[in-house]
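[1] Structure for the following, please:
(one chain, ligands or ions: 1)
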Amino acid sequence: MIKKYDVIIIGGGATGAGVAVESITRKYKTILFEEYDFGSGTSSKSTKLVHGGLRYLANLDFHLIYEGLTERHYFIKNAPHLAHEQSYLVPFYTWREKLAYLIAINSYQFLSGCKKIGKIRLLSKQEIINQVPNIKQKNLIGGAIYYDGQFDDTRMLISLIKTFEQKGGHAYNYHKVVDIIKDNNRAIGVKVFNKLTNQEQIYHAKVIINATGAFSDAILNLDNPQIKHNNIIATQGTHLVFEHQLFPSQHAVVIPKTPDGRIIFILPWQGVSLVGTTDIKLDKPVIEPTATNDEVNFILETLNQYTNKIITHKDIKSIFTGIRPLVKTANAKNNAKISRKHKILYSDSGIITILGGKWTIYRKMGEDAINFAIKHNLLLPSRSVTKNTMLVDATHDKLDYPLSVYGTESIKIITIQTEINNFDLIHPALPYYIAEVIYQVRYEKAITIEDVLARRTRALYLNAQAAIESSRLVAEIMAKELKMNQQWIDNQVNSFYQYAKHYTLCSLSQ
Ligand SMILES: Cc1cc2nc3c(=O)[nH]c(=O)nc-3n(C[C@H](O)[C@H](O)[C@H](O)COP(=O)(O)OP(=O)(O)OC[C@H]3O[C@@H](n4cnc5c(N)ncnc54)[C@H](O)[C@@H]3O)c2cc1C
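    Presented below is the predicted three-dimensional model:
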């Protein structure tokens, strides 16, 4: 039997999850399909900033920054267990730099209007050295602190999916949309291939929303193979992860000028330091991009221009690379200058595609997509409520990491720990409990060990080698929950080894 919905969403990244929560909270019967795991695409590989984008001041993109800063407010308000205010330090090495960056951060603060967070303050050279001991001291004349947001991208995604489902939606990972169903040239549904059972199923809906990020053109090609769809420019950005002791700092440090006109951030995140990013054009998007040697060298060289003690390849604990789904514009030459604005397309058959944007504005993108459907009379009118919709597990209680990311659900992990009488970690170098793995299988749709080690926990992002070493134990715990056999365990471990290589130096391409 064909299942009927108001809204079908293709893609389980930030954009798809944002549309899903928007749609279900406006009472439309909604279903979402993700080809791999939720967040397997770009949405797990962001720099983890909730921001307007200081860098976009150089492009005079004031509306984009204003939109990001406004959404930053709702993002942190509705997910206080996953997003927080973070101080960012800009060091000055010349008076010219000082003047330029003080103007920039004051303008940035001004654009946030009544939604500003924190107060800009100046630090002396000595204060900076005390607070960031490995910062390069030669020629340092002082610095300034401003505030922005920071978050855990895939935990946010899982929380959005839980919110969507608890409010009545259905979300399926490992379900690939393989065809668009038409009636009189009008898109009325999708054919979905369930990768877990190898079966196909057809679903009908009033509205089909393509939220597949860098893969948007591929869905439009299914919709209309006659046209060569070319709406996306894919560029990749790489991050390196180090032990926090190598660059201890409670502040995120901003390297405000790289040779390609970007900003590099050194961020304290989940107990490590995360440094990035780059911007390299790609011919074709892939789900799991690989960092290049040049990118890694570029980040290390740039970083070491700002450190006293040199950080080397040997210090790298993890490498991760994401693909920006940028909206193609007529004269897009310099990647850094291509706008991060989002855009909505409407195909002749009636498919709505929402592309571009950034994680920070997932809510606004969702609101715009549903409003667009209403404007085109595809859905009955309704009002958005997501500015004031807390995520279902949100709490202001301050728990320690990693239990903090589960919000109100953390109690279930503590219960599992008591039930199995096991308070152990999955690996001595990782902060994650065995009980979390069980919770993630039971309540968070974790199906493979990659789902657990890359996206439910962030093990692979914090320490790729430790994640690899813990993979057999994780597979054994999951097998018990899922009633899988030894063969499944061996297969899982083998495929995780292949996958995890992308996060180590072994994977580097030229
Ligand atoms: C390096 C980098 C750093 C970034 N840093 C930040 C940051 O700090 N802050 C910020 O706000 N933003 C940041 N961004 C931007 C942000 O991460 C992206 O804009 C956002 O994650 C894109 O989400 P998406 O859902 O559109 O795409 P994706 O996350 O790629 O999701 C699309 C999904 O569609 C699925 N899909 C594709 N085809 C099908 C199909 N046929 N059937 C079903 N599913 C399908 C894919 O598997 C994928 O999971 C960064 C981006 C990059 C690349």
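[2] after the one helix or strand V21 maps to comes which helix or strand?
    Using DSSP states H and E, V21 falls within helix 14-25. For helix 14-25, the following helix or strand on the C-terminal side (DSSP H and E) is strand 30-33.
[3] Assumed A234 was part of a helix.
    No: counting by DSSP: H, G, I helix; E, B strand; the rest coil, one finds A234 to be strand, located in no helix.
[4] burial measure for L380, as a count.
    Counted by other C-beta atoms under 10 Å, the residues lying close to L380 total 11. Placement of C-beta: from N, CA and C, glycine included.
[5] Could you do the one 10 residues further on as well?
    Counted with other C-beta under 10 Å, residues neighbouring M390 total 15.
[6] Next one: it from K77, what distance?
    For M390, the distance to K77 (C-beta to C-beta, to the nearest Å) stands at 8 Å.
[7] Show the low-confidence segments of the protein, by residue range.
    330-339, 508-510 (pLDDT under 70).
[8] one more time with 80
    The model of the chain has pLDDT under 80 over residues 257-262, 329-340, 507-510.
[9] Kindly list the longest helix within it.
    The single longest helix within the chain, with elements called by DSSP state H, is helix 464-482.
[10] next SSE after that one?
    Next along from helix 464-482, by DSSP H and E: helix 486-500.
[11] Can you show me the CA trace of that next one as CSV?
    The C-alpha trace of helix 486-500 is given here as CSV (Å, rounded to 0.1, in the frame of the first residue of the first chain):
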residue,chain,number,x,y,z
GLN,A,486,30.3,-12.9,15.1
GLN,A,487,30.2,-12.4,11.3
TRP,A,488,28.4,-9.1,11.7
ILE,A,489,31.0,-8.0,14.3
ASP,A,490,33.9,-8.9,12.0
ASN,A,491,32.3,-7.1,9.0
GLN,A,492,31.5,-4.0,11.1
VAL,A,493,35.1,-3.8,12.4
ASN,A,494,36.6,-4.3,8.9
SER,A,495,34.4,-1.6,7.3
PHE,A,496,35.0,0.8,10.2
TYR,A,497,38.8,0.4,9.7
GLN,A,498,38.4,1.4,6.0
TYR,A,499,36.1,4.4,6.9
ALA,A,500,38.3,5.6,9.8
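[12] which helices and strands sit right next to the helix or strand hosting Q440?
    According to DSSP H and E, Q440 maps onto helix 434-443. Under the contact definition 3 or more C-beta pairs under 8 Å, 6 or more residues apart in numbering; DSSP states H and E, helix 434-443 sits against helix 410-420, helix 464-482.
[13] Format the ones you listed as TSV; extra columns: mean neighbour count.
    As requested, those are arranged in TSV below (neighbours: other C-beta atoms under 10 Å):
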stretch	mean neighbour count
helix 410-420	15
helix 464-482	20
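[14] closest one to A214 among those helices?
    helix 464-482 (23.2 Å; C-beta to C-beta).
[15] who touches the closest one?
    With C-beta atoms under 8 Å, 6 or more residues apart in numbering as the contact definition, helix 464-482 has outside contacts at 317-319, 426-427, 429-430, 434, 437-438, 441-442, 446-447, 449, 452-454, 459-460, 484-486, 488-489, 492-493, 496-497, 500, 503-504.
[16] 6 Å instead?
    318, 426-427, 429-430, 437-438, 441, 449, 452-453, 459-460, 488-489, 492-493, 496, 500, 503-504 (C-beta atoms under 6 Å, 6 or more residues apart in numbering).
[17] and that helix, C-alpha only, in PDB?
    The C-alpha trace of helix 464-482 is given here as PDB (Å, rounded to 0.1, in the frame of the first residue of the first chain):
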ATOM      1  CA  ALA A 464      40.900   8.400  15.400                       C
ATOM      2  CA  GLN A 465      43.400   5.800  16.600                       C
ATOM      3  CA  ALA A 466      41.500   5.400  19.900                       C
ATOM      4  CA  ALA A 467      38.200   5.100  18.000                       C
ATOM      5  CA  ILE A 468      39.800   2.300  15.800                       C
ATOM      6  CA  GLU A 469      41.000   0.500  18.900                       C
ATOM      7  CA  SER A 470      37.600   0.700  20.600                       C
ATOM      8  CA  SER A 471      35.700  -0.500  17.500                       C
ATOM      9  CA  ARG A 472      35.700  -4.300  18.400                       C
ATOM     10  CA  LEU A 473      34.300  -3.600  21.900                       C
ATOM     11  CA  VAL A 474      31.700  -1.300  20.500                       C
ATOM     12  CA  ALA A 475      30.700  -3.900  17.800                       C
ATOM     13  CA  GLU A 476      30.400  -6.500  20.500                       C
ATOM     14  CA  ILE A 477      28.100  -4.300  22.700                       C
ATOM     15  CA  MET A 478      26.000  -3.400  19.700                       C
ATOM     16  CA  ALA A 479      25.800  -7.100  18.500                       C
ATOM     17  CA  LYS A 480      24.300  -8.100  21.800                       C
ATOM     18  CA  GLU A 481      21.700  -5.300  21.700                       C
ATOM     19  CA  LEU A 482      20.900  -6.000  18.000                       C
END
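[18] Just give me how far that helix sits from the chain centre.
    23 Å (C-alpha atoms, centre = their mean, to the nearest Å).
[19] relative orientation of it and helix 410-420 in degrees?
    70 degrees (axes from the mean of the first three to the mean of the last three C-alpha atoms, to 10 degrees).
[20] Name the nearest residue to L403, ignoring sequence neighbours.
    Excluding its sequence neighbours, the residue lying closest to L403 (C-beta to C-beta, 6 or more residues apart in numbering) is S410, at 4.2 Å.
[21] Against F372, how distant is the residue of the chain most remote from its centre?
    Most distant from the centre of the chain: N184, at 38.0 Å, with distances by C-alpha atoms, centre = their mean. As judged by C-beta to C-beta, N184 and F372 stand 22 Å apart.
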